[in-house]
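Colleague: Kindly return the folded structure for what I paste below:
(one chain, ligands or ions: 1)
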Amino acid sequence: MLRRYISYTTNKFTNCRHVSQSMLQSTVDEKSGIATVTMNKPPVNSLNLEFLEEIITLLNKLQKDKVRGMILTSGLQKVFCAGLDIKELYKPNPDRLTKFWTTLQDTWLSLYTTSFPTVSVINGHSPAGGCMLAMSCDYRVMVGQNYRIGFNEAKLGIFAPKWFQNTIIAVIGQRKAEVSLTTGKMYTTDEALQIGLVDETCADADSALKKGTHFLNNFQNISPWAYKMTKDINRQSTIQWLIDNKQKDVDFTVEYMQSPGVQKNLELYLQSLKSLPPLKLISEIN
Ligand SMILES: CCCC/C=C/CC(=O)SCCNC(=O)CCNC(=O)[C@H](O)C(C)(C)COP(=O)(O)OP(=O)(O)OC[C@H]1O[C@@H](n2cnc3c(N)ncnc32)[C@H](O)[C@@H]1OP(=O)(O)O
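Modeller: Numbering: from 1, shown residues only. Reported below is the predicted structural model:
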């Protein structure tokens, strides 16, 4: 197992404060107060229990440090985030699955309710839980034309829970969310822009980071209190639903994920993941 470390350093040349954990790097620009958080969990930034715990810890730290905004991106070459780690769902240990799902709920609650504005710079494929990470930010910029984004849960023979679905509905509306979720379609960059899954697109990651920063600069003259209150009111019903139904959602998921039908579907999906040529899976199964 990799040695885990956390270090905080200030680079006097760039005026950036670096926070580095084993799977996440965070750099805070001292002048603007904007944090850039880079996910770095090869090969595909899949969300397992330990990674989710790191994300929560870092979000808490950024909140405590009163950053003015956050850009979430990937340090990998072609994947933003491959979604939930399928190994957490396939042949699960019920205790670990319970902890995993609770931590996923908490990660979403932390990210969806940050006191600072957030942007995801989607510089690689972003299926399912990866898309969910992006949707939970306030703004999305997608890079290039080579990647796919969307909710492919149905293709795995599973379905997104209510709070996942409500988050998507809040971004693209009920009708488009239903079509997107039931078909499991993965969208090209242009398609994602067209249906509103992303707010902007651009050719390269550097321009995307600039666009993200430009969006966050909108908040320079907005009171953090007014920002947070507005966001809370806007997102309240989805947040409240999960808070009120946390245990029910965990119990249901743990039971449902262990059912033989779901496990069979996941087994078949894992086999297809191995047998299809690299990077073909997402486009081939559309
Ligand atoms: C109530 C229940 C609700 C459940 C909700 C679930 C939401 C989810 O997020 S489910 C997960 C959905 N994710 C996917 O379907 C992604 C599948 N992966 C891919 O399509 C591709 O891997 C990729 C396009 C992301 C990347 O392609 P690339 O060619 O670069 O890499 P690969 O050779 O395919 O993969 C490398 C390596 O990583 C493993 N892997 C890929 N995705 C996952 C994952 N989500 N979880 C765990 N592991 C994953 C893949 O099997 C390869 O492993 P090996 O090197 O050991 O073969």
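
Colleague: Not including adjacent chain positions, what is the nearest residue to K78?
Modeller: In space, and not counting its chain neighbours, K78 is closest to G124: 4.8 Å by Cβ to Cβ, 6 or more residues apart in numbering. For every residue, glycine as well, the C-beta is placed using N, CA and C.

Colleague: so the one you found touches G75, yeah?
Modeller: No. G124 is beyond contact range of G75, at 9.8 Å (criterion: Cβ atoms under 8 Å).

Colleague: And the two? Which one has more around it.
Modeller: Between G124 and G75, counted using other Cβ atoms under 10 Å, the more crowded position is G124 (27 against 15).

Colleague: separation between that one and Q77?
Modeller: As for G124, its distance to Q77 is 7 Å (criterion: Cβ to Cβ, to the nearest Å).

Colleague: just E191 next, same as before
Modeller: In terms of Cβ to Cβ, E191 sits 22 Å off from Q77.

Colleague: okay, the two: which has more neighbours?
Modeller: E191 (15 against 9).

Colleague: Next SSE downstream of the helix or strand harbouring that one?
Modeller: In this structure, E191 sits in helix 189-195 according to DSSP states H and E. As assigned by DSSP H and E, the chain's next helix or strand after helix 189-195 is strand 200-202.

Colleague: Determine the set of other helices and strands touching that following strand.
Modeller: strand 139-143, helix 189-195, helix 205-217 (3 or more Cβ pairs under 8 Å, 6 or more residues apart in numbering; DSSP states H and E).

Colleague: Highest mean neighbour count out of the ones you listed?
Modeller: Greatest average neighbour count among the helices and strands packed on strand 200-202 goes to strand 139-143 (a mean of 26), per mean count of other Cβ atoms under 10 Å.

Colleague: quick one: which of the helices and strands packed on strand 200-202 is nearest A160?
Modeller: Comparison of those against A160 by Cβ to Cβ identifies helix 189-195 as nearest, at 16.5 Å.

Colleague: What's the mean pLDDT across that closest one?
Modeller: Averaging pLDDT along helix 189-195 gives 98.

Colleague: Can you tell me what sits against it?
Modeller: 142-145, 147, 149-150, 172, 176, 180, 187, 198-201 (Cβ atoms under 8 Å, 6 or more residues apart in numbering).

Colleague: and which of these is nearest to the ligand?
Modeller: Y147 (8.4 Å; Cβ to the nearest ligand atom).

Colleague: what sits against the closest one?
Modeller: 78, 80, 122-126, 189.

Colleague: same for the ligand: which of those residues are within range?
Modeller: 78, 125 (Cβ under 6 Å from any ligand atom).

Colleague: For I243, give me the pLDDT.
Modeller: Per-residue pLDDT puts I243 at 98.

Colleague: next one: Q271
Modeller: 89.

Colleague: just the one 3 residues further on next, same as before
Modeller: On pLDDT, K274 comes in at 82.

Colleague: What of the one 4 residues further on?
Modeller: With respect to pLDDT, P278 has a value of 46.

Colleague: For R96, which non-adjacent residue is closest in space?
Modeller: Nearest to R96 is L49, by Cβ to Cβ, 6+ apart, at 6.8 Å.
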